[in-house]
Structures are given as structure tokens and as C-alpha cells.
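Visitor: My questions concern the predicted model and sequence given below.
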Amino acid sequence: MTKHGFLLATLVLAGAALPIGPVTAATPEEEQAAFQAYFKQRFPNVPEDEFKNGTYAIDPVTRENWEAIEEFPPYENAISQGETLWNTPFADGQGYADCFPDGPAIMGRYPHWDRERGLVMTLPLALNACRTAHGETPLKYKKGPIADLLAYIAFESRGQITQVEIPEDDPRALAAYEQGKRFYFARRGQLNFACGHCHLATSGARLRTETLSPAYGHTTHWPVYRSDWGEMGTLHRRFAGCNEQVRAKAFEPQGEEYRNLEYFLTYMNNGLELNGPGARK
């Protein structure tokens, strides 16, 4: 596969043959460049920094409704509750600030490759590692307190730039990236769909009453208040929901499959500004 092989792969997603691995591998940097160029060419009238707004960057009708919602955002309570959680000491008298001494504006540091643990470290995983280190029960990963805590951290981190790194001197990091990429392009479920069918090859098209959002910008605005949920939810909750929508069994939130997927997808979004938490239909 040439350095444009990733881009070519996106163009055949709707066909019967779906490449799941390169013949001559492009580098992650080359794949990222092709990924971003694909969306800039597909939506030439969308300024690059607008992709952080997801479907609202490409659909003026839903954007108008979204802008009205943002005047009184439904995630405000989550931010407030998350701030309380951040500032509430654990039973041992310590707190999140003892694990994250630079303060709550840390969203831009995640996900990253954790060399010592040999895995992709996401922010929810790091928050629960902090809790267990201080004798606290881990939080559940889909919704509830974890989403509130993430909402506060995301709000404090607004304006940071997505900048995921794949360390060249640790082949395990590249392997995690490749596994995330394979997950993204693998067909699954009774509908035999890959993530890229909706969010690459047919991004911008209508599916029932919704506009399929471009993958470029998918990781910038989490956690999200979704009207369909009636509450806040995490990125991995959405991953699980997408799997279920194609009639596939969802993986465990913060399991290796979704963490590697997040690593790949966030790397593809490098350079975009973080603007979470968000509100979506």
C-alpha cells in the first residue's frame, strides 16, 4: 500500500472487499495525512477547525438547532457535579488533585501510550486508577459520575489541541494503533458494517432523519449529552451503541478493543481543538 493507501481504503469501504491490512505499510503519519485530506476534499467548504463540531460542521439545518441548544447547554449540571467530585476528598484524605497535580485541564494528554503498563491509557482508566490507588471503588465507564467528572475536565480543557503520539521506540504502541485501525475497518454484526461505512465512505449522507457525521472530529467533544439518551455518556458508551446498531455484540467499555480504537481515532484527529463536553441529538 502506498502512502495514500489509507485514503484508497476509504473509497472501497462500500464494496465487497474490505482491506484489513496493508501490503506495504504506510506510516501512521502518512495515514493521518491521507485521512484528514480525504475529509477536506469531501467537504471543501468546511473550514478545518469546524470539524471539531461533528455533524454540525456539515449540516446547516441541524447546526441551527444545536446552536440554540448551546445557549442553555444540557451538560451544565454535569460540569457542576463533576467539579464537586474533583474537589471531594477520598476516604484517605487525598483526592484527584493528588494524582493529577497540574489540575483538571488534562483532557489533551489522553489517550496516550503507557510504557510501564504496556497499554493505551485513556482518561477514564487513569481516573479509576487514581481511585483504586486510594482505596476507592472504581466508577462505571458508560455514564453517571464518570461522565460528570469527564465533563468538568473536558470543560476545563477546552482549547487544547489533540496531539496523540505513537512512540517510535516502542513497537507495542504501534501494534495498539494498528489494532485500533483494524477494528475501525472490520465488518461486524448482522448488518456487516464497519465503522468507516457510515463515517468515512458515506459521511454527510442521510440515514433516516440523521446526517452521518464525519470521522474527522469524532473524538473532540466528549463526553456528550445525547437527546436519545436523555443524559451524559462517554465515548466508549457510543462505541458500544454503534456496535449494537449494526447488530453486533458490544465490547466492554475501557477494554483493550475500545481503548485501541480510541487511540487510532484520536490520532487521526490530531490538530483539532478540544471543545467538550458536547450536546448531540
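Guide: Received, thanks.
Visitor: Does Thr211 touch Thr55 like I think?
Guide: Yes - counting by C-beta atoms under 8 Å, Thr55 is a contact partner of Thr211 at 5.0 Å. Where C-beta positions appear, they are placed from N, C-alpha and C, glycine not excepted.
Visitor: who touches both of the two?
Guide: Thr62 (C-beta atoms under 8 Å, 6 or more residues apart in numbering).
Visitor: The stretch 151-281 of the chain: strands as residue ranges?
Guide: 206-207, 210-211, 224-226, 231-233, 278-280 (DSSP state E, counting those that start in this stretch).
Visitor: now the ones you listed as a markdown table including distance to Gly135?
Guide: Below are those laid out as a markdown table (distance: least, C-beta to C-beta, whole Å):
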| stretch | distance to Gly135 |
| --- | --- |
| strand 206-207 | 46 |
| strand 210-211 | 44 |
| strand 224-226 | 31 |
| strand 231-233 | 26 |
| strand 278-280 | 33 |
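Visitor: how about JSON lines for those strands, with mean neighbour count and distance to Ala68 added?
Guide: Shown next, in JSON lines, are those (neighbours: other C-beta atoms under 10 Å; distance: least, C-beta to C-beta, whole Å):
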{"stretch": "strand 206-207", "mean neighbour count": "10", "distance to Ala68": "21"}
{"stretch": "strand 210-211", "mean neighbour count": "16", "distance to Ala68": "17"}
{"stretch": "strand 224-226", "mean neighbour count": "22", "distance to Ala68": "14"}
{"stretch": "strand 231-233", "mean neighbour count": "23", "distance to Ala68": "19"}
{"stretch": "strand 278-280", "mean neighbour count": "20", "distance to Ala68": "10"}
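Visitor: Now render these as TSV, adding mean pLDDT and distance to Phe193.
Guide: Conversion of these to TSV gives the following (pLDDT from 0 to 100; distance: least, C-beta to C-beta, whole Å):
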stretch	mean pLDDT	distance to Phe193
strand 206-207	84	11
strand 210-211	86	15
strand 224-226	97	20
strand 231-233	98	21
strand 278-280	95	20
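Visitor: Which residues are in contact with Ala250?
Guide: Phe239, Ala240, Gly241, Asn243, Glu244.
Visitor: quick one: pLDDT of the residue lying closest to the third one once chain neighbours are set aside?
Guide: With C-beta to C-beta, 6 or more residues apart in numbering as the measure, Ala250 is the residue that lies nearest to Gly241, at 7.6 Å, once sequence neighbours are left out. Looking at Ala250, its pLDDT is 97.
Visitor: Buried residues of stretch 192-209, list them for me.
Guide: Phe193, Ala194, Cys195, Gly196, His197, Cys198, His199, Leu200, Ala201, Ser203, Gly204 (16 or more other C-beta atoms under 10 Å).
Visitor: check contacts around the residue lying closest to Glu50 once chain neighbours are set aside.
Guide: Distance criterion C-beta to C-beta, 6+ apart; nearest residue to Glu50, sequence neighbours excluded, is Ala57 at 4.1 Å. Residues near Ala57 by C-beta under 8 Å, 6+ apart: Phe43, Val46, Glu50, Phe51, Arg63, Pro214, Gly217.
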